[in-house]
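*Asks:* coords below, sequence missing:
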């Protein structure tokens, strides 16, 4: 297996292909490609992150998008090829990303939010020494003039529909559900895509 770190647009596109199939497997539409292109333009090209990719015979098996600021790094997005899970590419990805973060002097690597209902992902992160902290979400209900607790919508009937959709239709659903207002910025220095 081979491991790559990059901050170029091609690495975002490689990640995105895995992201789409991962989101379908989880019953969720993917964010639009242009969202991740903006991540490449505004975050990665500015030196505030990287894409880590695990390859087997030049085939991408897993990829993750990491951000960093100051002495802290953040594992923001992860995706993988499900048919290759027996090779444990996600474990290799996170282990090598941890080593890179240590080598670059980061004190903390945040592994991101996880629904309490997602036992597998929680177990995966805990296996790397993560420390769980509970985060309660509240919304302010203007009609009732009070705060209400955010409901975990991680298990819904829509997931069944999204799992069955062909990838082009699922991407279109993502385009409609995650509208973007930021346009491309090819003028940013130090970035060629």
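*Replies:* Noted; the coordinates are in hand. The shown structure was predicted, so the numbers you read here are calculated from the model rather than taken from an experiment.

*Asks:* phi and psi next, for residue 165.
*Replies:* phi -70, psi 140 (degrees, to the nearest 10).

*Asks:* mind listing what's buried along stretch 39-56?
*Replies:* Neighbour-count burial for stretch 39-56, with 16 or more other C-beta atoms under 10 Å as criterion, is recorded at 39-45, 48-55. (Each C-beta comes from the backbone N, C-alpha and C, glycine too.)

*Asks:* and the next helix or strand past the helix or strand where residue 60 lies?
*Replies:* Per DSSP states H and E, residue 60 falls inside strand 59-69. Counting by DSSP H and E, the element after strand 59-69 in chain order, helix or strand, is strand 72-80.

*Asks:* show me the biggest helix of the chain in terms of residues.
*Replies:* With DSSP state H setting the assignment, residue counts place helix 9-26 as the longest helix in the chain.

*Asks:* picking that back up, out of the buried residues of stretch 39-56, name the ones that lie in helices.
*Replies:* Assignment to helices by DSSP H places the following of the buried residues of stretch 39-56 there: residue 39.

*Asks:* ok, which pair from the buried residues of stretch 39-56 is furthest apart?
*Replies:* 42 and 55 (26.2 Å; C-beta to C-beta).

*Asks:* that older thread, list the helices and strands the longest helix of the chain packs on?
*Replies:* On a contact count with 3 or more C-beta pairs under 8 Å, 6 or more residues apart in numbering; DSSP states H and E, helix 9-26 meets helix 33-39, strand 49-56, strand 59-69, strand 72-80, helix 158-164, helix 167-177.

*Asks:* in JSON lines, list these along with distance to residue 123.
*Replies:* Shown next, in JSON lines, are the helices and strands packed on helix 9-26 (distance: least, C-beta to C-beta, whole Å):
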{"stretch": "helix 33-39", "distance to residue 123": "27"}
{"stretch": "strand 49-56", "distance to residue 123": "20"}
{"stretch": "strand 59-69", "distance to residue 123": "17"}
{"stretch": "strand 72-80", "distance to residue 123": "15"}
{"stretch": "helix 158-164", "distance to residue 123": "20"}
{"stretch": "helix 167-177", "distance to residue 123": "27"}
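
*Asks:* if I average pLDDT within each of the ones you listed, which one is lowest?
*Replies:* Mean pLDDT values for those show the minimum at helix 158-164, a mean of 85.
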